[in-house]
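Peer 1: this one's sequence-less:
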């Protein structure tokens, strides 16, 4: 299943990324533009100056910037989608199409749901029959030999989400943490203990408590994002830290 971009992407070169949400891009047509960088993480290994990039240019009324950085070539022939919000859109479309078998069979899919217990807003609530809370995390950090890891920076928010997913399971619902892997070279995933040891500990505790941990491959291309299939997740013990 290919989910196309809303408009054709334009190629260029990354000049610099700065202030987290800004990037200077030199387009192939000679224009140098300041564009939105839609990623809150460190973008480790995905923001090398001079990298080949693809951007979405849409001069819509009210926009402060003329476009958005979408893809980067991290190595020859290897692409990553750095637009974090795309993960939710891709997963939502894949859920509707029944392309994620571990989460198939639900009649109702609601995005961005805040549970009555006052927990965080979760990405999806699947229901009928039963209920399953789904939290999606975008994975773009590749460590070599097909290995991907999350997070790419210390994530207090991610730690909080895992603790709350444990509460969801304790309440009798299903809960799932879904790693949406948007990097064409990643074939398996693990927690990035070397970056956020507490997150790794929380992830293992969540799995032990019954939270389902799955990873799904999404291949980025300039034409769109192609939903592929499930990837293995390695939760082997790495440290003695606790969440």
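Peer 2: In hand now; what should we look at? Since the model is a prediction, treat every value here as computed from it, not as a measurement.
Peer 1: Going by C-alpha atoms from here, please, whenever you check contacts or count neighbours.
Peer 2: OK.
Peer 1: From the contact counts, what lies against the host helix or strand of residue 190?
Peer 2: Using DSSP states H and E, the element containing residue 190 is strand 188-191. When contacts are defined as 3 or more C-alpha pairs under 8 Å, 6 or more residues apart in numbering; DSSP states H and E, strand 188-191 sits against strand 147-150, helix 197-209.
Peer 1: how about a cut-off of 10 Å?
Peer 2: Counting contacts by 3 or more C-alpha pairs under 10 Å, 6 or more residues apart in numbering; DSSP states H and E, strand 188-191 packs against strand 141-144, strand 147-150, strand 174-181, helix 197-209, strand 212-221, strand 224-231.
Peer 1: in which helix or strand would I find residue 157?
Peer 2: Using DSSP H and E, residue 157 sits within helix 156-170.
Peer 1: Name the SS class of the spatially most central residue of the chain, please.
Peer 2: Relative to the mean C-alpha position of the chain, the nearest C-alpha, by C-alpha atoms, centre = their mean, is the one of residue 138, at 1.0 Å. Of the three states, residue 138 takes strand according to DSSP: H, G, I helix; E, B strand; the rest coil.
Peer 1: Against residue 180, how distant is it?
Peer 2: Computed as C-alpha to C-alpha, to the nearest Å, the residue 138 to residue 180 distance reads 5 Å.
Peer 1: And residue 13, by the same measure?
Peer 2: For residue 13, the distance to residue 180 - C-alpha to C-alpha - is 25 Å.
Peer 1: give me the beta-bridge partners of residue 126?
Peer 2: residue 109, residue 132 (DSSP bridges).
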